[in-house]
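my questions concern the predicted model and sequence given below.
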Amino acid sequence: MTEKILKPSGRLDSATASDFEKETLAAIDAGATLLLMDFSDLQFISSMGLRVVLTAAKRMKSVGGKFGLCAMNASIGEVFRIAGFTAIVEVFPTAEVALAKLR
């Protein structure tokens, strides 16, 4: 299993989402079979950032890979709950827990 952990920091918005999407898709195209997004250093996510997460989740599903999110602060967790993403994507409290469950 090829694992890749992506850890965006600061803001994931219209100014940064494109670069993060390129990094995410490059990891999947390089053969990642487990992709984890660690949000421990993320303070804000916009709809553009949510779109990147959804794109990654769909792409990982299409290649039979495993995908998860971890270490969200309360406000980012609330955005994901309101958007309904917690029903689509697995969310874990820490990277360690995520890796243990996804492996």
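Perfect, I can see it now.

helix or strand: which one has the closest residue to residue 83 other than its chain neighbours?
Leaving aside its chain neighbours, residue 83 sits nearest to residue 50 (5.8 Å; criterion: CB to CB, 6 or more residues apart in numbering). Placement of C-beta: from N, CA and C, glycine included. Here residue 50 sits within helix 47-62, counting by DSSP states H and E.

next SSE after that helix?
Going down the chain from helix 47-62, the next helix or strand is strand 66-70, by DSSP H and E.

surely the residue nearest to residue 83 and residue 81 touch.
No. Under the criterion of CB atoms under 8 Å, residue 50 is not in contact with residue 81, lying 11.9 Å apart.

bridging residues for the closest residue to residue 97 other than its chain neighbours?
Distances taken as CB to CB, 6+ apart put residue 70 closest to residue 97, at 7.1 Å, once the chain neighbours are dropped. Beta-bridge pairing for residue 70 (DSSP bridges): residue 38, residue 92.

picking up where we left off before, what is the helix holding residue 50 packed up against?
Helix 47-62 sits against strand 10-12, helix 17-29, strand 34-38, strand 66-70, helix 74-83, with contacts defined as 3 or more CB pairs under 8 Å, 6 or more residues apart in numbering; DSSP states H and E.

angle of whichever strand or helix holds residue 96 against strand 66-70?
Assigning secondary structure by DSSP H and E places residue 96 in helix 95-102. With axes from the mean of the first three to the mean of the last three CA atoms, to 10 degrees as the basis, helix 95-102 and strand 66-70 are set at 160 degrees to each other.

against which helices or strands is helix 95-102 packed?
Using 3+ CB pairs under 8 Å, 6+ apart as the contact definition, the elements that helix 95-102 packs against are strand 34-38, strand 66-70, strand 90-92.

now with 10 Å, please.
strand 3-6, strand 34-38, strand 66-70, strand 90-92 (3 or more CB pairs under 10 Å, 6 or more residues apart in numbering; DSSP states H and E).
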